[in-house]
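In: Let's see this in three dimensions:
(chains A and B)
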Amino acid sequence: MSDFWRRFRRNRGAVVGLVVLVLVIAVAALAPVLYPGSPWDMATAPFVPPGEEGMLLGSDSLGRDVAAGIAHGARISLMVGAVSTVAALLIGVTLGAVAGYLGGVADDAVMRFTEFFQTIPSFVFAILLVAIFTPTIGSVVFAIAVVSWPPVARVVRAEFLSLRSREFVQAAEVLGKSRIAIVVTDILPNALSPIVVLSSLMVASAILLESALSFLGLGDPNLMTWGFLIGSGRSVIRLAWWMSVFPGLAIFVTVLALNLVGEGLSDALNPRLARQRGGAA
Amino acid sequence: MNLSRRGLMAAAAAAPVLMRASEAMAQGVAPRRGGTLQMMLTPEPPVLQIGVNQQGPTLAAAPKMFQGLLSFSSTLEPLPLLAKSWTISPDGKEYVFRLQENVKWHDGQPFTAEDVVFSITKFHMELAPRARAIFQLIETCAATDPHTVRIVLKQPFQPFLLMFDATAAAIVPKHLFDGRDYRTAPAVQRPVGTGPFRFVEWQRGNFIRMDRFDDYWKPGQPYLDSIIYRIIPDSQSRRLALESGQVLLSQASDIEPFDIPALRQRPNLEVNTAGWEYFSPLSWMEINHRVAPLNDPRVRRAMSMAIDRNFIVNRLWFGVGKPATNPVASTTRFHDANAKIAAFNVRAANELLDAAGFARNAQGVRFTVKHIPLPYGEIWTRLSEYLRQAMRNVGIALELESTDAGSWARRVGNWEYETTINFVYQFGDPTLGVERTYVSTNIQRVTFTNTGGYANPQVDALFQQARNAAVAAERQRAFSEVQKILVEEVPQIWLMELAFPTIHDKKVRNVITTGLGVHTSFDDVFLAG
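Out: Got it, this is the predicted structure:
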């Protein structure tokens, strides 16, 4: 563990990313304390510029506090990112493991199925799903999960293909372990590092996807999200720039942090790769 | 200069119009011939043949080419147009219109009473549902001479004249439509009317051009050489076009409400919200009376009291429009200013709900109601977000459901909603535009009928009485009575008398002179030097 941490620390960007991410999580966790009440409450006059009348980041077209919106929106954005990633991992890992471990017809069938999903532009597909199931937080998470699992399945399948012919797997087979036990206790732990790296990036793209959906008015109308804030501020950007700029920055910083952390994780989990990259630079 | 042309008959009714013109004269601005007026049309209409299409953009552009028998002042008094005078028999059943002579169609054919009879009894009867509903009251409609039309009704119908504006029943050329399929006749693509401007060119997605009709029946008019409607799909581009002077006039929903404060600041522009009196759109929070506890008048009254309508008008619509006071817009005839909904009072609303037995739970919620925002653009979403907060203040949880325009119309039409937002045109008279929302005989699975399912025999009887009465005073009594009942029962929670700004360069004169605003012929509009 300390080894892992040492390698992670060597990537300065990753450390910065981690600090920022912790801050964002802290804001999300403390939102009800920092801004008690609903972020939809009209706290002051509409279009108050940042810093005036106690509005740190200004107020929006109904006099709602933009800062409260960002803080409460962080909860939703992070939650959507995390939950949809977990869901996508469940689908992707299961299918990838089946395809990679069994091979043959099962592999072909699963991979054709995966390719079918990969050929549909993911954002268009997500819009379609949300529109069909009416925009609620559940349908948004579902749509994001459905469009994000194929890369996971492919990565997991590749890992499983290379791992299943290793000696330790053969040994386990000879020992008479069941297939499921081999997959779960022998192969999966060894395939974990690319999955961890991938999932940190997936959280970032899920946040972007959710924001894009909300921006288009396809978010849950009862939940405050960053994309909603930008979408509602877009049309009045000449009147109140702060309504779209600050939530935009929040998305930018969070997604950047997640990407930096992902890179750090990649370095820490693949020491050989990291050293090569270090040498090349 | 306008006096002689307009005819003395209308002098009293046309007073506001004449005042505008004389004001212009007083400022030393005599009407000037020449110039092109560039405007915008949003969204682009499918055709410009009024009757074949009755949507907003067509209703705004087509009256430049087509005219009705009458037009209406801002107080909805009839003004002569193609009819230079008219008489109504004392029993209210016989209408005789004397038509202008020397009127020509754009193709040079003379305009006669036959065109009027054809337009009323055939063209609009077949094409326009709204006209059909009224024109089926006609027993006979005949040309007694080439310039006189006599209409006899089966029963008196006092708002009958309101149906003769160009937007309701434009007069179309019989010789180009009779015997053809009205929807596919060649004239639909190249409209031919009697108006001051004739159709010249339409580049789809780009512009529509109309030029001055030299044989127009008002001598010396129109003043403009041509009118060009630009098609600009993006709202910010439209604002820029207006700011940069590329177009000189914006109308209807060309400009978003939130852009209006900035445009008001510009010294060369004038923002005018008049000119919608004939339509008088009224918005409300639509209630489905089949859903408990929304069928309880105390609940609806409390919800109504929880809403700050001034906030909606000033903060959401930036002061364009007025708070609603009752089901009849203040610009519609027979509005009773004494019948008023209860004022904004959160405490009284809470007390009313407490007294009605709707206790708050641990979260402070009395009950939950679903709500579909009107999917007509952002401002309507903001309105629903405001309503959710307003309802929260009285312990009602309003849960928003997003939907698209098609689904909205389907769900409202099928009564599959709890609450939503709606607005309808009133067409100048409660019988034409208000009655349909409240009488139980009009509970239909069709949008813009009594979809809420409100039923009150007393209200039904009063609307019926007002519909059949031949005398205005008698109708006023019935309408006043019904307004008093409705503001107590609050069958729909009225929010706002909507207004659409007409924003134009100050050198464009005589833009809004009637209750139809930009939906008129523009034959007296001119560009000051």
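In: Helices of chain A, residue ranges please.
Out: Taking DSSP state H as the criterion, chain A contains helices spanning A:2-10, A:12-34, A:66-102, A:104-119, A:122-132, A:137-163, A:167-174, A:179-181, A:188-215, A:226-234, A:242-269, A:271-280.
In: would you turn those helices into a markdown table with mean neighbour count?
Out: The C-beta positions use only the backbone N, C-alpha and C, and glycine is treated the same way. Listed next are the helices of chain A as a markdown table, based on neighbours: other CB atoms under 10 Å in any protein chain shown:
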| stretch | mean neighbour count |
| --- | --- |
| helix A:2-10 | 13 |
| helix A:12-34 | 16 |
| helix A:66-102 | 23 |
| helix A:104-119 | 14 |
| helix A:122-132 | 17 |
| helix A:137-163 | 21 |
| helix A:167-174 | 13 |
| helix A:179-181 | 11 |
| helix A:188-215 | 21 |
| helix A:226-234 | 24 |
| helix A:242-269 | 21 |
| helix A:271-280 | 11 |
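In: Mind putting those helices into CSV with mean pLDDT and distance to chain B?
Out: Formatted as CSV, the helices of chain A follow (pLDDT from 0 to 100; distance: least, CB to the nearest CB, whole Å):
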stretch, mean pLDDT, distance to chain B
helix A:2-10, 84, 42
helix A:12-34, 94, 14
helix A:66-102, 94, 12
helix A:104-119, 93, 25
helix A:122-132, 93, 7
helix A:137-163, 94, 10
helix A:167-174, 90, 50
helix A:179-181, 89, 42
helix A:188-215, 91, 11
helix A:226-234, 89, 7
helix A:242-269, 92, 11
helix A:271-280, 55, 45
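In: For B:Ile134, find the nearest of these.
Out: Counting by CB to CB, B:Ile134 lies closest to helix A:122-132 out of those; the figure is 39.6 Å.
In: Next to chain A, which bits of the stretch 151-300 of chain B? Give me the list.
Out: Residues of the stretch 151-300 of chain B that fall close to chain A, judged by CB under 8 Å from any CB of the partner chain: B:235-236, B:256, B:258, B:261-262.
In: Return the closest of these with respect to chain A.
Out: B:Phe258 (5.0 Å; CB to the nearest CB).
In: average model confidence for the host helix or strand of B:Ala60?
Out: B:Ala60 is part of helix B:56-61 when elements are defined by DSSP states H and E. For helix B:56-61, mean pLDDT rounds to 90.
In: next one: it to chain centre, how far?
Out: 11 Å (CA atoms, centre = their mean, to the nearest Å).
In: who's in contact with it?
Out: B:41-45, B:47-50, B:167, B:208, B:229, B:251-253, B:518-519 (CB atoms under 8 Å, 6 or more residues apart in numbering or on different chains).
In: what does chain B put close to chain A?
Out: B:235-236, B:256, B:258, B:261-262, B:315-316, B:373, B:378, B:381-382, B:384-386, B:388-389, B:392, B:399-404.
In: Would you show me how to pick out the buried ones of those residues in ChimeraX?
Out: A single ChimeraX command selects the buried members of the residues of chain B next to chain A (16 or more other CB atoms under 10 Å in any protein chain shown):
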select /B:235,256,258,315,316,373,378,381,382,384,385,386,388,389,392,400,401,402,403
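In: taking the residues of chain B next to chain A one by one, which sit in helices?
Out: B:235-236, B:261-262, B:378, B:381-382, B:384-386, B:388-389, B:392.
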